[in-house]
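Engineer: predicted model and sequence below, questions to follow.
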Amino acid sequence: MEELKRHGYQVSPGLIYPTLHSLEKYGYLKRENRVTGGKVRKYYAPTQRGLEMLEEAKRKIKELVEEVMR
């Protein structure tokens, strides 16, 4: 959320956490639980499928931007 805020987006945990759970459910992210300071923290990383989807999304965004900028 901090990184998104730095780019001008204001999002709440009510948006972020369900999104992360959905991405994990569909195999785009994997989660690792770590105990830090007595609390369980969730760390997410992209799966191979997630990286492939990201590349496809980048390609589509680039195509759209190029069309808008013509």
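Structural biologist: Nice, thanks for sending it over. Residues are numbered from 1 along each chain as shown.

Engineer: where does this structure have its least confident helix or strand?
Structural biologist: helix 2-6 (a mean of 92; mean pLDDT, DSSP states H and E).

Engineer: just the CA atoms of that helix, as PDB, please.
Structural biologist: The C-alpha trace of helix 2-6 is given here as PDB (Å, rounded to 0.1, in the frame of the first residue of the first chain):
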ATOM      1  CA  GLU A   2       2.900   2.300   0.700                       C
ATOM      2  CA  GLU A   3       4.400   1.800  -2.800                       C
ATOM      3  CA  LEU A   4       1.000   2.400  -4.400                       C
ATOM      4  CA  LYS A   5       0.500   5.600  -2.300                       C
ATOM      5  CA  ARG A   6       4.000   6.800  -3.500                       C
END
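
Engineer: is Lys42 in a helix, a strand, or coil?
Structural biologist: At Lys42, secondary structure determined by DSSP: H, G, I helix; E, B strand; the rest coil is strand.

Engineer: show me what it bridges to in the sheet.
Structural biologist: Per DSSP bridges, the residues bridged to Lys42 are Asn33.

Engineer: spatially, which residue comes closest to the spatially most central residue of the chain, not counting chain neighbours?
Structural biologist: For the chain, Leu20 is the residue whose C-alpha lies nearest the centre (CA atoms, centre = their mean; 6.7 Å). Distances taken as CB to CB, 6 or more residues apart in numbering put Tyr44 closest to Leu20, at 5.8 Å, once the chain neighbours are dropped. (Each C-beta comes from the backbone N, C-alpha and C, glycine too.)

Engineer: circling back: mind listing residues that contact the least confident helix or strand of the chain?
Structural biologist: Helix 2-6 has contacts (CB atoms under 8 Å, 6 or more residues apart in numbering) with 10-11.

Engineer: what residues of that helix count as buried?
Structural biologist: By neighbour count on 16 or more other CB atoms under 10 Å, the buried set for helix 2-6 is empty.

Engineer: that helix: how far from the chain's middle?
Structural biologist: 13 Å (CA atoms, centre = their mean, to the nearest Å).

Engineer: go on, stretch 15-26?
Structural biologist: In terms of CA atoms, centre = their mean, the centre of stretch 15-26 is set 8 Å apart from its chain centre.
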